[in-house]
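Undergrad: Just need the structure, nothing else, for what follows:
(3 chains)
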Amino acid sequence: MLKITDLKYRYKSIDDVYTYALSVKPKEIVAILGESGSGKSTLLDLIAGFLTASDGSIKLDERELTALSAEKRPVSILFQQHNLFEHLSVQKNILLGVSRTLKSSQKDILKVHKILKEVGLERYEHTLASSLSGGQQQRVALARVLLRREPILLLDEPFTGLDAKTRMEMLDLVQKITKENNLHTIMVTHELQDCERIADKIYLMKEHQLVEQ
Amino acid sequence: MFSGLARVKGSVLPGVFIALGLLVFAFLLFFTLYTAQDSRTTPPIDSRIYGLLKFTLYQAFLSTVLSLGVGTLLAWSLAHQPGFKGRSVLVALFSSSLVLPTLIVAFGLIGIFGRNGWINQIGLTLFDYSFGSYLYGLFGILLAHTYLNASFASRSLLHAFESIPNEKYKLAKSLNLSTFQRFIYVELPALKPTLLSIGSTIFLLCFTSFAIVLILGGSPAYNTLEVAIYEAVRLDFDIALALKLALVQLAISTVLVIFSSNFRTGLGNLKTDDTVLPWREPKHLHYIQTTVILLFAFFFILPLVVIVVDGLDADFGHFFKDPLFIRSSITSGIVAVVSSLFTVIIALFLSDAKRNFTLEYRLGNSMFSRFFNLLISFSGNLYLAIPALVMGLGFFLMSQKFEMPMNIWSVLALLTANVLMSLPFALSVLGPVMQKTAQRYDKLAFSLGLTTLQRWVYCEFPYLRSSLGYVLALSFCFSLGDLGIIALFGSEDFSTLPWYLYQLMGSYRTDDAAGVALILLVIILSVFILLPKLFRSRLAENN
Amino acid sequence: MIKIIYVLLLLTLVICSNEKPILTIYTYDAFAASWGPAPKIAKAFGQENNCTLKFIGVSSSIGALRKIQLEGKKTKADILLGLDTSIAQAAKKTGLFAPYDLNTSSLELPVVYQDDTFVPFDYSFFAFVYDTDKLKNVPDSFEALASMPKDFKIVIQDPRSSTAGLGLLLWVKSVYGDKAGEYWKRLAPHILTITKGWSEAYGLFLKGEADMVLSYTTSPAYHIMEEHKTNIKAAAFKKGHYGQIEVAAALKSSTHLILAKKFLAFMQSPAFASIIPTTNWAYPVAKTSLPKAFGALHRPKKMILMDGEKVEAERKAIINEWLNAIQK
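TA: Numbering: from 1, shown residues only, chains lettered A, B, ... in the order given. Predicted coordinates for the structure are as follows:
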C-alpha cells in the first residue's frame, strides 16, 4: 500500500504550505480533482521526487521513499505532453531508462514487441514518435509503464486534449493495466467525468489540502 | 535540497568552474594591465587621448545613427514589400554581414569606392572625370560601418515590423493615417526595443572597431582608441601609452556594456515570415520601397562582386607557392576549428550549469541560485567589454613577464581572444534552447533515470543540433576572418590569413590580395551557409 | 623506427654543424627586396667570409627595431640595418645593441658623425618627388607646399614607424621651430595618406594616387637608370634639405658577434660602396665612382641634421605635436 502522511511542501515564491495525506491500495485508482494551480501536480512531483518535501513521509509497503532521488523511486509518470522524444522510434522510447547503456539487450527488445501488441501498437514499433497522433503517443508512454513495472503509476492530466472517444479508450487501458499489474495509480485531472469512469477514490484539492470525497 | 544537488552535480561543477575561470582570467588581465603602469613614465591624460576619445565616440555615434537610419528604412521597405522577388534570399544575405570579416568588407569597398575603384573607373571612361580619393577618412569609416551594421540591424528590425499584428495596420487604414503617421503611431513603438538594443550593440561594435579604422581611416588623423593602442605597441613600442589607452578604452566599453545589457536581441536564428497585408501599398510608396531595397542590395552586393571579379583575375599559382600563405592558411584553419569547438563546449557547459539555477525542481529554490545565475551570465558576457586589442596587450605584457616561446603566446592569445569574442553570441543562441529542453524533458529524464550519456544522446543533442551548427559556423567564421589580436602578434613567423591579406594590401600586391580575399570570402560564406545545413534537424522547426 | 629517427637527427646535426654560419639581418623591405641591395651584398660578403646572409625585410626600419624589441633577447637578428641617426639614440637606449667603435673621419659624409654603436653605411637628402609630366607648378619651399591648390595631394610616412616620416618632422621642426604645429595644421588638408613605410608611400605615388611623395633627392636616379625616364624629379627647396645618414649595429645577443662586426666594417668598403648607389639609390659613405645619372640630380649644398641626442630628447614631444595637429 502507498501511504502518504502529512507531506508538506512550501513554495518559496508564494510562501504557502501545501499539505497532503492519502493512501492507495494495490489495483486502486485514486483521482485528484482540483483547479489548475491548486497544487495537484505538486503532489505528483513530490511523489516522483522532482521536488523535495519539507516534512512528512511517503511509504510504499513500509519502505520510505522521501530520501530517494527521482530515478531510484518505484514510480512511472505520465505527463500531459512531452512524454516521448519525438526524434526517437517508438521502440527506442520505450526502451529508454531500462538499461544504462546506449544499446538495448535482445531480451528487452522482445519484451517491447510483446507489450506493443498488448496496447495495440505493434505496427508502429519503428515509427518515429513525432509522426504518431496524440492518443497513440500517450499509448506508447503507457506501454513504457508496462515495461518498467514500477508499482506506482502517476498520471498528470495525460489525456487532456484528446478527443472524447480516445480519452475513454485510454482511461480503460489505464484501468486494465492497474488491475492486471497490481499498480497503485494516482491520476490528477480536472475532469469529473474521468474520475467517475475509473477512479476508486476521489480526493479534492481545496485550500492547499486534500479532501476525500 | 541535497537530493536536488546530487542530481545535477555533474552539470553544475564544470560550468561554475568555467565561469569562475573566466572571471579570474578577466581579473588577471586587468591586474596585468593595471600593475604594468609605471607612475614615473606615465604622463597625465593629455590632449591627444582626449582627441582620440572624442573622435572614437564621434564616429561611433555617427555610424550608429546612420546604420539605424538605413537599417530602419530598409526593414520598413522589406516589411511592406513581402512580394518582392528574391526577398528571402536578400534577407538571408544581409544576415551574413554578421560573419563577413571587416577586412574583406574594407577590401571590397576599396574596390568600388577607392581611387582606382569601379566608380572612378566608370567616371573616367564615360565623363573623363575621377572623383579622386575620397574614401579614406571619416567617409570610409562610416561607409563600412553602415555596410556591416545597417544590414545586421535590418534583420532584427524586419522581425519587429513583422510582429506587428495585422489588426493594427487595419486600424491605421480605417483611421486614414498617413504613411508618416502610421510609422510614428503604429510601427515606431513596436521597433523601439529593438532599436535601443541593436543601437547600443552597434555603438559598442563601432566604438571598438579596429580593422575598418586601421584600413579605411588612412592616417593617424582618423584614429580610434583601438587603433591607437595598436600603433602605440607596434610603431612606438610605447607600452605606457598603450596601457593608458587600454585602461581608458576598458573603462568606457564596460560602461557601454552595462548600459546595453540587453544584448540578446537579433542574434538567434530569427525566422522572418511573409506576413501578407490585406492590401497593397499605394503606388508611390511601392516605388520608393522597391528603390530602397534595390539600392541597398546593390550597395551590399557590389563589394562582394568586386572581390569575386578581382579575385578570379588573380594568379593563384603565385601566392599558393608562397610558404607564408600556406603557413597562414594552416594556422588560420587550425585556430578557427579549435576555437569554434572550444566556444561550443564552453557555451554548453555554461548554459548547462546556468539552467540548474533557474529551474525550480533543480536548484532554482536554493538560496544561492540567484547569485550563481548572475555569476554565469556575467562571466560569459563580460568579454563584450574587453576589446580584442586590450586583451592582446594583456597577453603581450604576460609574454614579456613569463618565459615561453613567442609562438606559443601568440597561439594562446589568438585562441583565447577568438573563443571569448564568440562566447556571448554562442551563449545567447544555446542558452535558451537548453533552457527549453530542460523545462520540457527534465521530469521525464529524471524519472527514467537516464545516464548523462543517454541524456546527451537522446535528449539534449537532437534539440541542440541546429543551434550547434549555427554557433559552430558563427564562431568559425568570426575566428577565421578576424583581424584583431593578430595585429599585435603577427610576424613572418606567425601569421593568419587576414594578417597575410593585410600585409599584401599594405605592400600593394593588389592582385594577390584579391585572390586571398576571394578565398577567405568563399570559405566564410560557404561555412556559414553549409555548416548549419549539415546540422539541420526536423526538430528545429518545432522549436 | 626510433633508430631511424635518431640517425636522421644525428645526420641533421652533422649537416647543420658543417653548414656555413648564417648572419641574420633585419632591415626595411626595400633594402631586403630582390631588386634592392640585399642579394648583391649577400653575394659579396658571403663569398669573402664563407657565410650566408639572411635579410629579413620589415615594412619599415623602425618596424624592424620594434620587432627586435618585441622579441627581446630571443631575437634571431644579428644585425639591425637601416635606422638613421635620428632614431639610433632611441635604439641604443634599449640596451640590446653591442658597442662598436669605428673611426668615421675617413668616411665621405657631408657632416661629422661619430657614434660608439651605430655605423653609417649610406646617406641622402629628403625631398618631395614629383612627375614633371603631371605637376607643372613645383613648390620650392614648405610655404609654397602648403599653399598649393586644394586638390594637390602628397603622401608621407608615419614618423613613428618610418625614418623618412621622422626626417620630415625634424625638417619642418628645424625650419619652423615653435610654429611647426601650426604649419602641420595648414599642410594637413594636402596629406592624402600617411603610410607605415617608405616603399608603401612610393608605390602609391608611382600608381598616380598622389602628386608628390616624401622620398630622397637620389630617388630620380632609379628612374633614369632603370627606366630611362627623366620625368621623375625631386623638388629643390630653397632653404636646404634635411639629411639622412643610414646606420646599422650588431646585437649583443648575436651568436655570431665577430662575424657581425666584420659585416659592419664591410659596410665602409669600396665593394659595399659600389653596390649602394644603384640598388639603394643613395650616396655611399666610402669613396667610389658614382654613376652618371647621379650627376643630373639636385645635390643640396647644405645638409640640415639635428644632433641625435637632441632629437631623442624631443622626439616624443615633436611626434605628439604632429599627431595633435593632424588629428581630426
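Undergrad: in chain A, which spans are helices?
TA: Counting by DSSP state H, residue ranges of the helices within chain A are A:40-48, A:90-95, A:106-118, A:134-148, A:164-181, A:192-198.
Undergrad: swap that for the stretch 151-300 of chain C, please
TA: Taking DSSP state H, counting those that start in this stretch to define them, one finds helices in the stretch 151-300 of chain C at C:163-176, C:180-187, C:198-206, C:219-227, C:257-266, C:270-279.
Undergrad: The third one - contacts with which helices or strands?
TA: Packing contacts for helix C:198-206, counted by 3 or more Cβ pairs under 8 Å, 6 or more residues apart in numbering or on different chains; DSSP states H and E, involve helix C:29-32, strand C:154-157, strand C:191-195, strand C:212-216. All C-beta atoms are positioned from the backbone trio N, CA, C, and that covers glycine.
Undergrad: same for the first one, what does it pack against?
TA: Spelled out, that is helix C:29-32. With contacts taken as 3+ Cβ pairs under 8 Å, 6+ apart, helix C:29-32 sits against strand C:52-58, helix C:198-206.
Undergrad: Which residue lies nearest the spatial centre of the chain?
TA: Picking chain A for this. Centroid-nearest residue in chain A, with Cα atoms, centre = their mean: A:Leu154, separated by 2.4 Å.
Undergrad: Not quite, go with chain C.
TA: For chain C, the residue nearest the mean C-alpha position is C:Gly82 (4.6 Å; Cα atoms, centre = their mean).
Undergrad: doesn't A:Thr189 make contact with the residue nearest to the centre of chain A?
TA: No. With contacts defined as Cβ atoms under 8 Å, A:Leu154 does not count as touching A:Thr189, sitting 12.0 Å away.
Undergrad: Quick check: B:Ser379 touching B:Leu22?
TA: Yes. In terms of Cβ under 8 Å, B:Ser379 counts as a neighbour of B:Leu22; the distance is 4.1 Å.
Undergrad: So which of the helices and strands packed on helix C:198-206 is nearest B:Ala246?
TA: strand C:191-195 (23.0 Å; Cβ to Cβ).
Undergrad: So which elements touch whatever helix or strand B:Tyr58 lives in?
TA: In this assignment (DSSP states H and E), B:Tyr58 forms part of helix B:47-80. Taking 3+ Cβ pairs under 8 Å, 6+ apart as contact, the helices and strands that helix B:47-80 lies on are helix B:87-95, helix B:138-162, helix B:188-207, helix B:225-231, helix B:239-259, helix B:283-313, helix C:308-326.
Undergrad: pLDDT score for the residue sitting nearest the centre point of chain B?
TA: Within chain B, one residue has its C-alpha closest to the average C-alpha position: by Cα atoms, centre = their mean, that is B:Leu98, at 5.4 Å. Predicted confidence (pLDDT) at B:Leu98: the value is 85.
Undergrad: Near chain B, which residues of chain A? Just list them.
TA: Residues of chain A lying close to chain B (Cβ under 8 Å from any Cβ of the partner chain) are A:12, A:45, A:48-52, A:67-73, A:75-77, A:79, A:82-83, A:85-88, A:92, A:96-97, A:100-102, A:130.
Undergrad: whoops, I mixed them up, the stretch 101-250 of chain C
TA: Residues of the stretch 101-250 of chain C lying near chain B by Cβ under 8 Å from any Cβ: C:151, C:153, C:158, C:160-161, C:188, C:191-194, C:196, C:199-200, C:203-204, C:207, C:209.
Undergrad: residues near the closest residue to C:Lys262 other than its chain neighbours, how many?
TA: Take C:Lys262 and drop its neighbours on the chain: the residue closest to it by Cβ to Cβ, 6 or more residues apart in numbering or on different chains is C:Asn49, 6.2 Å away. By the measure other Cβ atoms under 10 Å in any protein chain shown, the count of residues near C:Asn49 is 16.
Undergrad: Appreciated, that's everything.
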